[in-house]
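> Here's a sequence, model it:
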Amino acid sequence: QAVKEALQSVKRSSRASSIRDAAGPEGLGAALEQYQAMLAHYEDFRQKKAYAKLLKLQAYQNALPIAPFEKHIVEALSKHQVIVLAGDTGCGKSTQLPQFLMRAGYDKIAVTQPRRISAMSLCRRVSYETLNEHGDEVAYQIRFDSSRGRGTKVTFMTEGILLRRLAGDPDLRDFDCIVLDEVHERHLSTDFLLALLRAIVMQRPALRVVLMSATINVSAYSNYFGGVPIISVPGRLHPINVMYLPPPPNPSCGGRGRGSFAGEGGGGAGKRSREEANERVAKGGRRTIERIAPEPYVNVLRRIDTEVSRGERGDVLVFLSGMDDISAVADALEEYAAQTKRWVVLKLHSSLAMEDQDRVFDVAEAGVRKVILSTNIAETSVTIDGIRFVVDSGRCKEMLFDYAG
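Alright, predicted model coming up:
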């Protein structure tokens, strides 16, 4: 309403410009008064909007499971160089801990993430929550791209970027607090960073390190740094309704088997196929993975259209194994979406351009749902608002190494 009044004021001033010109200095003074009133209206509107946004953010943050632990975390970090923060997915540790540290006085904070998209999306979210969307207080740094500036206090970066910084700054003097997120994933770079940080904290007593992990074997990280404190944050549970769609009959199983992928069901035939695949791998060959069938995923969208009102919000997140599966399913879903005009199909994969990856965070227009096809990158590294339905293909690709060796 204030903006409308300001625009009307501009129109009135334009229509009366000739009169003011004739009136001389008095007319100019009246025009300036109108412009000042217009600016006052706009500033009042902007402040009210920011205040409403702040109230909404505070209510959201206070409802997170990690909110009551802020004082405990800050006190533990003031007494110990290293702490372990264990929390289930959704407790708010990745977005709230950097804000806890900023309020505690730390102004050179590095937060590592295993993937580029998680570093950028967390930077965007924390900037939003700190009302710093147009500043550089919260920034990101990934390969070939950075938003850091002179006023940056928190930098979200990939593990590889922190390793590269170690080459020119062996003691990490540019930071007073290092946060390693998702350490339970046990990437090679993660374990390498843990080894280097254990040596660095001995050289820099003022440096603080926070290891953030899911509640999986967190005692191992505590023991690695000499028995440091572990702070456990509970997760937030939601009611789940499991909807089962039987897969199509597999011809190789004589119509009796449940499996729709190679090696499932089929009695002796399935056993022989697995043995042959294992033999090929043992001889240095590659295991053949059957191309995914997209029809079951189309059926999921069709069932949602049938059973859920179009006016109800709720998007779909589909976990697939890789870009080949994502492309195959996307082709079928896009054809269905073109027919119904109810869906927008989006892909989330590290090989895509960042502009394409960012589209998954956009809000779909009224009456349209998003269906996001992703690998397990969307399982823990990023949070996409509005997800109501989750479809898991049961397939994934992992690169493993023997960290015990």
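> Could you use CA atoms for every contact and neighbour count after this?
OK.
> quick one: residue 181 and residue 90, what's the gap?
Separation of residue 181 from residue 90 (Cα to Cα, to the nearest Å): 14 Å.
> Settle it for me: which of those two has more neighbours?
residue 181 (23 against 16; other Cα atoms under 10 Å).
> packing partners for the strand or helix carrying residue 117?
Assigned by DSSP states H and E, residue 117 falls within helix 116-129. Applying 3 or more Cα pairs under 8 Å, 6 or more residues apart in numbering; DSSP states H and E, one finds that helix 116-129 contacts helix 93-103, strand 138-142, strand 154-158.
> Please identify the most buried of those.
strand 154-158 (a mean of 28; mean count of other Cα atoms under 10 Å).
> Can you name the residues in contact with that one?
For strand 154-158, the external contacting residues (Cα atoms under 8 Å, 6 or more residues apart in numbering) are 98, 107-116, 119-120, 122-123, 137-142, 148.
> Repeat the analysis, applying 6 Å as the threshold.
Strand 154-158 has contacts (Cα atoms under 6 Å, 6 or more residues apart in numbering) with 109-114, 119, 138-142.
> what does stretch 69-84 give?
Outside stretch 69-84, the residues that reach it (Cα under 6 Å, 6+ apart) are 208-211, 228-230.
> C-alpha coordinates for that stretch, CSV please?
In CSV, the C-alpha atoms belonging to stretch 69-84 read as follows (Å, rounded to 0.1, in the frame of the first residue of the first chain):
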residue,chain,number,x,y,z
PHE,A,69,22.0,-25.9,22.7
GLU,A,70,23.5,-22.6,21.7
LYS,A,71,24.9,-21.6,25.1
HIS,A,72,26.1,-25.1,25.8
ILE,A,73,28.0,-25.3,22.4
VAL,A,74,29.6,-21.9,22.9
GLU,A,75,30.7,-22.6,26.4
ALA,A,76,32.2,-26.0,25.4
LEU,A,77,34.1,-24.3,22.6
SER,A,78,35.5,-21.7,24.9
LYS,A,79,36.9,-24.4,27.2
HIS,A,80,38.1,-26.9,24.6
GLN,A,81,39.9,-26.5,21.3
VAL,A,82,37.9,-29.3,19.6
ILE,A,83,34.3,-30.5,20.1
VAL,A,84,32.2,-33.0,18.3
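> List the buried residues of it.
For stretch 69-84, the neighbour count (16 or more other Cα atoms under 10 Å) marks 70, 73, 76-77, 81-84 as buried.
> so how far is it off the chain centroid?
Distance of stretch 69-84 from the chain centroid (Cα atoms, centre = their mean, to the nearest Å) equals 25 Å.
> just stretch 230-246 next, same as before
Taking Cα atoms, centre = their mean, one finds the center of stretch 230-246 at 18 Å from the center of the full chain.
> Over to stretch 342-357?
14 Å.
> Tell me where the model's unsure across this structure.
Residue ranges of the chain with pLDDT under 70: 1-27, 41-51, 53, 246-290, 380-381, 399-405.
> Outline the domain layout of it.
Per the record, the chain has its domains at 2-62, 67-233, 249-291, 293-405, by automatic domain parsing.
> of all these, which lies closest to residue 239?
Closest to residue 239 of those, according to Cα to Cα: domain 293-405, at 11.1 Å.
> got the residue ranges for the helices in the stretch 51-200 of the chain?
Secondary structure of the stretch 51-200 of the chain, counting by DSSP state H, counting those that start in this stretch: helices at 70-79, 93-103, 116-129, 159-168, 188-203.
> biggest separation within the buried residues of stretch 69-84, which pair?
Checking these with Cα to Cα, the most distant pair is 70 and 81, at 16.9 Å.
> on that earlier part again, just flag the most distant two among the contacts of strand 154-158.
114 and 138 (18.3 Å).
> Arrange the helices and strands packed on helix 116-129 in JSON lines, one row each, with distance to residue 370 as further columns.
Listed next are these as JSON lines, based on distance: least, Cα to Cα, whole Å:
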{"stretch": "helix 93-103", "distance to residue 370": "24"}
{"stretch": "strand 138-142", "distance to residue 370": "27"}
{"stretch": "strand 154-158", "distance to residue 370": "27"}
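> between these, which one is nearest to residue 172?
Using Cα to Cα, the helices and strands packed on helix 116-129 put strand 154-158 closest to residue 172, at 13.4 Å.
> in the helix holding residue 117, what counts as buried?
In terms of neighbour count (16+ other Cα under 10 Å), helix 116-129 has its buried residues at 116-127, 129.
> And the contacts of stretch 69-84, which two are furthest apart?
Farthest-apart pair in the contacts of stretch 69-84 is 208 and 230; separation 14.5 Å (Cα to Cα).
> What about the residue lying closest to residue 88 once chain neighbours are set aside, how many residues nearby?
Leaving aside its chain neighbours, residue 88 sits nearest to residue 235 (4.7 Å; criterion: Cα to Cα, 6 or more residues apart in numbering). A count of nearby residues for residue 235, using other Cα under 10 Å, gives 18.
> now the strands for the protein?
82-87, 109-113, 138-142, 145-146, 154-158, 177-180, 208-213, 230-233, 315-319, 343-348, 369-374, 387-392 (DSSP state E).
> Could I get the contacting residues of residue 208?
Contacts of residue 208 (Cα under 6 Å, 6+ apart): 81-82, 177.
> so what's residue 82 bridging to?
On the basis of DSSP bridges, residue 82 is bridged to residue 209.
> Pull up the gap between it and residue 377, please.
Distance of residue 82 to residue 377, given as Cα to Cα: 27 Å.
> Likewise for residue 111?
If you go by Cα to Cα, the gap between residue 111 and residue 377 works out to 18 Å.
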